[in-house]
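Undergrad: Sequence and predicted structure below; questions after.
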Amino acid sequence: NAGVTQTPKFQVLKTGQSMTLQCAQDMNHNSMYWYRQDPGMGLRLIYYSASEGTTDKGEVPNGYNVSRLNKREFSLRLESAAPSQTSVYFCASSEVMRQGGTYEQYFGPGTRLTVT
Amino acid sequence: GENVEQHPSTLSVQEGDSAVIKCTYSDSASNYFPWYKQELGKRPQLIIDIRSNVGEKKDQRIAVTLNKTAKHFSLHITETQPEDSAVYFCAASNGNNRLAFGKGNQVVVIP
């Protein structure tokens, strides 16, 4: 199993350009997430999808859109990139949280995005 | 929403000593508290977690304790080794399938 995969690994954009970050998981998880990680700011949730066909805003959704293409894939789109969106982006997936037991979010390797 | 804070931001310890990282949370409905470890350039990975009906949980050299009254939980690493050097994130959830992460603590183990 590959787990959670993300493409691309690195990207440089100019201000105003658009791009889509791709994420796929092969663990048959229902829930998927997009986070951004900035120095000293921890992991901040951008959008998440509790199940196929649903998406919800997280803590920092402005400037982003998402698509849950199917159960496996969850993409993040920047329509008009800004320097403030320079960050490392992580996708994650998990099974539905249940009473008791361990609930784990499995992270992808990350995409390092620079907007100039 | 839930607000999770971590202290201290950076912790340096001598190899073999213990390290303790403390987190506080704001939502009294939170009932699940995991810790994730992120090595330099790698992805975060779950290392231990605890639910609100348990006060302490151990797994070899790491342990987590929870004080629901004070709304704080701590990660304890004993007999630290160089491979323990990493950023550690605490998180909290009230069962809504989301995690609220703290800002992270850098742990440096000095050989």
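TA: Received, thanks. This structure is a prediction, so every number in the text was calculated from the model and none was measured.
Undergrad: so where is chain A shaky, pLDDT-wise?
TA: A:100-101 (pLDDT under 70).
Undergrad: Which stretches in it count as strands?
TA: A:4-7, A:10-13, A:19-25, A:31-38, A:42-49, A:56-57, A:64-68, A:74-78, A:87-94, A:106-107, A:111-115 (DSSP state E).
Undergrad: Likewise for chain B?
TA: Using DSSP E, the strands of chain B run over B:4-7, B:10-14, B:19-25, B:32-38, B:45-51, B:56-59, B:62-67, B:72-77, B:86-92, B:100-101, B:105-110.
Undergrad: would you list those in TSV and tack on mean pLDDT and distance to residue A:81?
TA: Every C-beta, even on glycine, is put in place using the N, C-alpha and C of the backbone. Formatted as TSV, the strands of chain B follow (pLDDT from 0 to 100; distance: least, C-beta to C-beta, whole Å):
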stretch	mean pLDDT	distance to residue A:81
strand B:4-7	88	29
strand B:10-14	95	31
strand B:19-25	96	33
strand B:32-38	96	25
strand B:45-51	95	29
strand B:56-59	95	42
strand B:62-67	97	39
strand B:72-77	97	36
strand B:86-92	96	26
strand B:100-101	94	24
strand B:105-110	96	29
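Undergrad: export those strands to TSV and tack on mean neighbour count?
TA: As requested, the strands of chain B are exported to TSV (neighbours: other C-beta atoms under 10 Å in any protein chain shown):
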stretch	mean neighbour count
strand B:4-7	17
strand B:10-14	13
strand B:19-25	20
strand B:32-38	22
strand B:45-51	18
strand B:56-59	12
strand B:62-67	18
strand B:72-77	21
strand B:86-92	25
strand B:100-101	24
strand B:105-110	17
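Undergrad: ok, residue A:7 - how many residues close by?
TA: Per other C-beta atoms under 10 Å in any protein chain shown, the neighbour tally for residue A:7 reads 13.
Undergrad: now it, which residues is it bridged with?
TA: Beta-bridge partners for residue A:7, by DSSP bridges, are residue A:22.
Undergrad: Check the gap between it and chain B for me.
TA: 15 Å (C-beta to the nearest C-beta, to the nearest Å).
Undergrad: wait, which of the strands of chain A is closest to residue B:98?
TA: Among the strands of chain A, strand A:42-49 comes nearest to residue B:98, with 6.4 Å by C-beta to C-beta.
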